[in-house]
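> Just need the structure, nothing else, for what follows:
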Amino acid sequence: MAKYIVKRLLQLIPVLFGVSLIVFFLMRVCAPDPAAIVLGQHATQESMEAWRDANGLNDPIVTQYIDFIKGALTGDLGTSYYTKAPVTQEIMSRFPATVELAVVAIILASAFGIAIGVISAVNKNSIFDNGGMLLSLVGVSIPIFWLGILLIILFSGTLHWLPSTGRIDPALRPDTITGFMIIDSILTGNMDALVDALRHMVLPAITLSLYSMAIIARMTRSSMLETLNQDYIRTARAKGVPEKKVNKRHALRNAMLPVATVIGLQLGSLLGGAVLTESVYSWPGIGNYTVQCIMKSDFPVVQGVVLLIAVIFVLMNLIVDVIYAFLDPRIKYAKKEA
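Model (predicted):
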């Protein structure tokens, strides 16, 4: 197992190199000139040239890339063109918001997705199965931005039940301890802030979780149906084991192996930045921030965020594989290495 983990970590190097290379050259080739955006439309040619020189944009593109890689290896991703703050600081100040939203969303998606999948599989071809699969079809088909707008119109604009933007009311914001609004509210004992943070969380979390819930439900149903047709399930039934016990202790436990993989990959995707959801709800996470930086051609920030997303995906894949090995003793990575 240790050799497998080391090998996977070493695979991170070419992946990050390839990702950095692609995003670096795409930003230079496709993005508008940041000098004109930063300095404004009334800037002179001389001032824009001076700005480019100061930020190294007049250096050969290969030299710029080498300087970027040297900085990245030491943890220095550069400085934002607009805030003049280190990119690492800019990303980390917004990453807790994305993590908090992603974790709540994956909890909702997992709980409802597994429940729908199990009920559909146990009651195959029934009204419950058809209803669950119809909901899953809607979940994978409906555009996230459209769902977000509909929820805002209904629950915020019409019913006035829930807030539509932001993370918390600024007047109720608790002292920052961890950066996670819900945890900070609990640690500081600010129950008003906790309630407000949860109210702000409801609509973005539902919007973000729907697609993942649909994927998890479909995978759970498929895995459960396959497991329920195994010989050991028929043997348990022949021995008189109650159906609920068969489904829970024998079928569900074994069916959860591929489902755990899907949940891990979906979490990695959500942690990478829910761009559409964060943009619709003005959620102050890295997804919304990345869109703003792309529009402003803030090269260092975009490059840093993409590298972070690549690292998250690779590490989540590794974690999922390791968890899978512990859940299924039949898998022996050490033998594969031999």
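> C-alpha only now, for contacts and for neighbours.
Noted.
> quick one: contacts of stretch 125-135?
116, 117, 119, 120, 121, 123, 214, 218 (Cα atoms under 8 Å, 6 or more residues apart in numbering).
> Show the buried residues in these.
By neighbour count, with 16 or more other Cα atoms under 10 Å, the contacts of stretch 125-135 hold 116, 117, 119, 120, 121, 214, 218 as buried.
> Inside helices: which ones of those residues?
Among the buried ones among the contacts of stretch 125-135, the residues falling in helices (DSSP state H) are 116, 117, 119, 120, 121, 214, 218.
> Return the distance of the first one relative to residue 130.
When you say that, I think you mean residue 116. The spacing between residue 116 and residue 130, counted by Cα to Cα, to the nearest Å, is 11 Å.
> same deal with the second one?
Applying Cα to Cα, the value for residue 117 to residue 130 is 11 Å.
> so which of the contacts of stretch 125-135 comes closest to residue 58?
Within the contacts of stretch 125-135, the smallest distance to residue 58 is 48.4 Å, found for residue 214 (Cα to Cα).
> number of nearby residues for residue 172?
Residue 172 is flanked by 16 other residues according to other Cα atoms under 10 Å.
> Quick check: it vs residue 195, distance?
10 Å.
> List the buried residues of stretch 86-94.
By neighbour count on 16+ other Cα under 10 Å, the buried set for stretch 86-94 is 86, 87, 88, 90, 91, 94.
> actually stretch 146-161, sorry about that
For stretch 146-161, the neighbour count (16+ other Cα under 10 Å) marks 147, 148, 151, 152, 156 as buried.
> How about residues contacting that stretch?
By Cα under 8 Å, 6+ apart, stretch 146-161 touches 162, 163, 164, 203, 204, 207, 277, 280, 281.
> Same check on stretch 229-239?
Stretch 229-239 is contacted from outside by 227, 228, 243, 246, 250, 251, using Cα under 8 Å, 6+ apart.
> Check stretch 284-302 too.
Contacts for stretch 284-302 (Cα under 8 Å, 6+ apart): 24, 27, 31-34, 37-38, 77-82, 87, 90-91, 94-98, 166-167, 272-276, 278-279, 282, 305.
> What subset of those is buried?
Buried among those (16+ other Cα under 10 Å): 24, 27, 33-34, 37-38, 77-81, 87, 90-91, 94-98, 166-167, 272-276, 278-279, 282, 305.
> picking that back up, let me have the contacts of stretch 125-135 in a markdown table, extended by distance to residue 9 and pLDDT.
Output for those, formatted as a markdown table (distance: Cα to Cα, whole Å; pLDDT from 0 to 100):
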| residue | distance to residue 9 | pLDDT |
| --- | --- | --- |
| 116 | 36 | 94 |
| 117 | 34 | 93 |
| 119 | 39 | 92 |
| 120 | 39 | 93 |
| 121 | 37 | 91 |
| 123 | 43 | 90 |
| 214 | 31 | 94 |
| 218 | 31 | 94 |
